[in-house]
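1. Give me a 3D structure for the following:
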Amino acid sequence: MHTVVLVLIEVLIVIGLSRLVGLGFKAIKQPLVIGEIFAGIMLGPSLFGLIAPGLAHSLFPAETMPYLNVLSQIGLIFFMFLIGLELNPKYLSGNLKTAILISNLSIIVPFASAFGLSFVLYPLVSNNHVNFAPFALFLGAAMSITAFPVLARIITENNLQGTRLGTLALTCAAVDDVTAWCILAVAIAVARHGSIDQQAILTIIESVVYIGFMFTIGRWFLKSLSKHHHRAGRLSQLVLAIIYMGVVASALITEFIGIHLIFGAFLLGAVMPKDEELVRELAIKTEDFVLIFLLPIFFAYSGLKTQIGLLNSPNLWLLSALILLVAIGGKYTGTYVAARLSGIDKREASALGWLMNTRGLTELIVLNIGLELGVITPLLFTMLVIMALVTTFMTSPLLEWTYPKRLIRLDIVESEAEIPIEALPEAYIAQYRILVPVANPAAQKGLLQLATAIAVNNRQPAVVYPLSFIELEEDYGFESSPNEADRLIAERCQKLEELIATLEPPEIRSYIHPIVRISSNVARETAQIAKIEQPDLVLLGWHRPAFSSNRLGGRVGQILGTTPVDVAVFVDKGGNAIESLLVPYSANIHDDLALIIALRMLINRDTCMLQVLQVFTANHTQDELSYELNAMIEQLPKSVRDRIEIKSVTSPEPMRTVVTASENVDLTIVGTSRLWGIERQTLGRYTDQLAIQCRSSLLITRRYSQVTSHLTALLPATNTQEIHH
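-> Residues are numbered from 1 along each chain as shown. Sure thing, here's the model as predicted:
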């Protein structure tokens, strides 16, 4: 087979598997990049080569490796440019003194630990022709580095960018990144010359001169491009071509100097003027091809060189465990001690230690350079790849364990910080609260209008929280950067405020307080927020899932199944009025919730009318349910009772009866019940039938706990019981 054709087949396999495995890792709350690295390892001798060596050799023969290497190096150059582009000086504006202390100690301690470890590793796993100095320097750089892009993603995903911990971690990681790349540049210069000789020192001096040139003349030239972009109002192909030529030229210069291609690309990105529009447009135009096409090839190329089979004895696995222990311990200890010396409390210092342990793709870049230069052996390369994966994999769960989401809201820097519920006055705790996940602010006015109809009255404090999530697609996408995330949050808040301004009557608007969060899993995040905030009700709008015909499937189904509070799903059929209500009632806990919500709306609005429809089949007697239902109605004030009509019907087709009755009302409220074709366990294969055929808007209720009281505060002191079965 022609080599080029074979390379294209390899690229096809690499991209497909990378996406598939990456999505699997996202499902278990891990960065997509970890899955892509695993996909690369799976294609190498560690799995594919072990299971089907003949096929692996046919698909990935030695003659195609140079082609994959060229593609991966191009991807690496432009990825490093993107990292430099996103390294905003804003990250260095706050807590700089503290960050420098923490960052330096978080490099010095693991570097010193690695230097000590190198005395053990050098005689066991090094090449005979490699001197100790470059070996120790490389090991120190590998142990002390922090992956700024992955850390920024984790901070954004956990909505930490507005907290003391998040801003400090970003500043530390930015300082750490610059310091670690400088150490690596020195290590490469020494490695290429074998020792710290005159030539190596000359390489370092030339590098410093080039850095100075880029921050003066290079920056001046790039500023003129930025001004041109500002005048033109868009990034033209000519300007983009000049910038890309600059990336490649800068990479070549650092290669000729004697360090590495990646430094020149990173440096050009770092000195690029941080004009928001230019950076955003440049990043968006560049990142898709780099992240989707070129970077997975780099992962695959690295995976093909990772041979876990080389760890073929208990002693080698123990050595690998020692490397992991030193890497984690050195980074965590250095960060924790420096943070405590800076006056940071134990919990935040510990969380910062785990964040700074994130190594990710940046570590893989360092290791590939070391392997390429022959400083580290394939065996040590494999051990260090395992270390990179474990330290990145552990960051999210350890951060959640150390600094759970319920504490994040206590640490918001901005003035609108949420207050811990323990510190709130009794009046706030007695509030009736509804959480309303809003997917599209432009299309969910009816949902918010319904929420206020359920919540707002003059007898009990109430608040409605429209909850809007901004979903992040890619690990290293520009939208993952904290600055861009803040911009997207502000944009979404503005849209929500515009939606709130359209609600009538105007006095209900003050009860609505939007919450906007970054998330990679909306259903899981909604359940977590509901668990922390404990609202009285979660009110959802419905949508048809992409891969299911069930309206209560997909994301809505996940929220229904996992949210630990009462939930209602609103099927909006249009029509602004909510004056006449219908509750089909069959005496189960979910219909109880439907009735209770209807009664609450009846109490809230003097003009509201309610029809309670009991539909009996031949197996039921009408007296079974009427007594309990009437007992509850009797608890209500007469002015409310007068607006309730109780109707009993015998019918072999309850759903058809409900559909007919819905023709004369504004809103039908029904519990998840087999009688209505909505099964709580399966979330109903017949759900669509009622949702489609119902003539009015429809609210489907699912009760989680009978403890939650939706009516107590609205009834007289002697009449505070709700229905319990």
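2. Can you verify my assumption that residue 267 contacts residue 251?
-> No: taking CB atoms under 8 Å as the definition, residue 267 is not a contact partner of residue 251, at 9.0 Å. The way it works is simple: take the backbone N, C-alpha and C, and place the C-beta from them, glycine included.
3. quick one, what contacts the closest residue in space to residue 261 that isn't next to it in sequence?
-> Leaving aside its sequence neighbours, residue 261 sits nearest to residue 251 (CB to CB, 6 or more residues apart in numbering; 4.2 Å). By CB atoms under 8 Å, 6 or more residues apart in numbering, the contact set of residue 251 is 77, 261, 262, 263, 264, 265.
4. tell me which residues in the host helix or strand of the first one are buried?
-> It stands for residue 77. Applying DSSP states H and E as the criterion places residue 77 in helix 65-86. Of all the residues in helix 65-86, those buried under the rule 16 or more other CB atoms under 10 Å are 67-68, 71-86.
5. ok, then the element right after that helix?
-> helix 96-125.
6. got the angle for whatever helix or strand comes next after that next one vs helix 96-125?
-> Next along the chain after helix 96-125, taking DSSP H and E as the criterion, comes helix 132-144. Relative orientation of helix 132-144 and helix 96-125, computed by axes from the mean of the first three to the mean of the last three CA atoms, to 10 degrees: 130 degrees.
7. returning to that earlier point: report the separation between the residue nearest to residue 261 and residue 257.
-> 11 Å (CB to CB, to the nearest Å).
8. Against which helices or strands is the lengthiest strand in the chain packed?
-> When the chain is parsed with DSSP state E, its longest strand is strand 462-471. Contacts defined by 3 or more CB pairs under 8 Å, 6 or more residues apart in numbering; DSSP states H and E place strand 462-471 against strand 432-437, helix 445-455, helix 482-500, strand 515-519, helix 522-533.
9. May I have the last one as CSV, with CA atoms only?
-> Pointing back at helix 522-533 there. The C-alpha trace of helix 522-533 is given here as CSV (Å, rounded to 0.1, in the frame of the first residue of the first chain):
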residue,chain,number,x,y,z
VAL,A,522,-25.6,19.9,32.8
ALA,A,523,-27.7,17.0,34.3
ARG,A,524,-25.0,16.1,36.9
GLU,A,525,-24.3,19.8,37.7
THR,A,526,-28.1,20.5,38.1
ALA,A,527,-28.4,17.6,40.6
GLN,A,528,-25.3,18.8,42.5
ILE,A,529,-26.6,22.4,42.8
ALA,A,530,-30.0,21.0,43.9
LYS,A,531,-28.4,18.9,46.5
ILE,A,532,-26.4,21.8,47.9
GLU,A,533,-29.1,24.5,47.7
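10. Name the residues of the helix or strand that comes right after that helix that come out as buried.
-> Downstream of helix 522-533, the next assigned helix or strand under DSSP H and E is strand 537-541. Applying a neighbour-count criterion of 16+ other CB under 10 Å, one finds 537, 538, 539, 540, 541 buried in strand 537-541.
11. What strands flank strand 537-541, and is each parallel or antiparallel?
-> strand 432-437 (parallel), strand 567-571 (parallel) (DSSP bridges).
12. hang on, the earlier thing: list the neighbours of the longest strand of the chain that are in contact with it.
-> Here strand 462-471 has contacts from 431-439, 441, 448, 451-452, 455-456, 485, 488-489, 492, 496, 499-500, 511-520, 522, 525-526, 529, 533, 535, using CB under 8 Å, 6+ apart.
13. Go ahead and confirm residue 110 touches residue 328.
-> No: using CB under 8 Å, residue 110 is not in contact with residue 328, being 9.0 Å away.
14. of these two, who's got more company?
-> Ranked by neighbour count (other CB atoms under 10 Å), residue 110 and residue 328 place residue 110 first, with 30 against 20.
15. What's the separation between the more buried one and residue 362?
-> Counting by CB to CB, the gap from residue 110 to residue 362 is 14 Å.
16. related to what we said a few turns ago, are any of the contacts of strand 462-471 buried, and which?
-> Counted by 16+ other CB under 10 Å, the contacts of strand 462-471 give 431-439, 441, 448, 451-452, 455-456, 485, 488-489, 492, 496, 499-500, 511-512, 514-520, 522, 525-526, 529, 533, 535 as buried.
17. Can you classify residue 582 by secondary structure?
-> strand (DSSP: H, G, I helix; E, B strand; the rest coil).
18. how much space between it and residue 635?
-> Relative to residue 635, and taking CB to CB, residue 582 is found at 21 Å.
19. And those two? Which one has more around it.
-> Higher neighbour count among residue 582 and residue 635: residue 582, with 29 against 17, using other CB under 10 Å.
20. which ones are touching that one?
-> Applying CB under 8 Å, 6+ apart, we find residue 582 in contact with 610, 611, 613, 658, 661, 662, 665, 667, 668, 669, 696.
21. How about the contacts made by residue 693?
-> 655, 659 are the contacts of residue 693 under CB under 8 Å, 6+ apart.
22. change it to 7 Å
-> residue 659 (CB atoms under 7 Å, 6 or more residues apart in numbering).
23. Run through the strands of the stretch 251-400 of the chain in chain order.
-> Counting by DSSP state E, counting those that start in this stretch, one finds no strands in the stretch 251-400 of the chain.
24. now the helices for it?
-> Ranges of helices in the stretch 251-400 of the chain, per DSSP state H, counting those that start in this stretch, are 261-271, 276-289, 295-305, 314-341, 346-356, 360-373, 378-393, 395-402.
25. hmm, who's touching the first one?
-> When contacts are defined by CB under 7 Å, 6+ apart, helix 261-271 is touched by residues 73, 76-78, 80-85, 87, 181, 185, 211, 214-215, 218-219, 222, 246-247, 250-255, 365.
26. quick one, what contacts the closest residue to residue 492 other than its chain neighbours?
-> Once flanking residues are discounted, residue 492 sits nearest to residue 516: 4.9 Å by CB to CB, 6+ apart. Contact analysis of residue 516 by CB under 7 Å, 6+ apart lists 468, 470, 489, 492, 493.
27. Identify the farthest-apart pair in those residues.
-> 470 and 493 (10.5 Å; CB to CB).
28. Of the contacts of residue 251, which pair is most distant in space?
-> Between any two of the contacts of residue 251 (CB to CB), the greatest distance is 10.1 Å, for 77 and 263.
29. list the residues that contact both of the two?
-> With CB under 7 Å, 6+ apart, residue 77 and residue 263 have no common neighbours.
30. what's the neighbour count on residue 137?
-> Other residues close to residue 137 by other CB under 10 Å number 25.
31. what's the spacing between it and residue 120?
-> 16 Å.
32. ok, now residue 2?
-> 48 Å.
33. Look at these two and report which has more neighbours.
-> The neighbour comparison of residue 2 against residue 120 (other CB under 10 Å) goes to residue 120, with 13 against 7.
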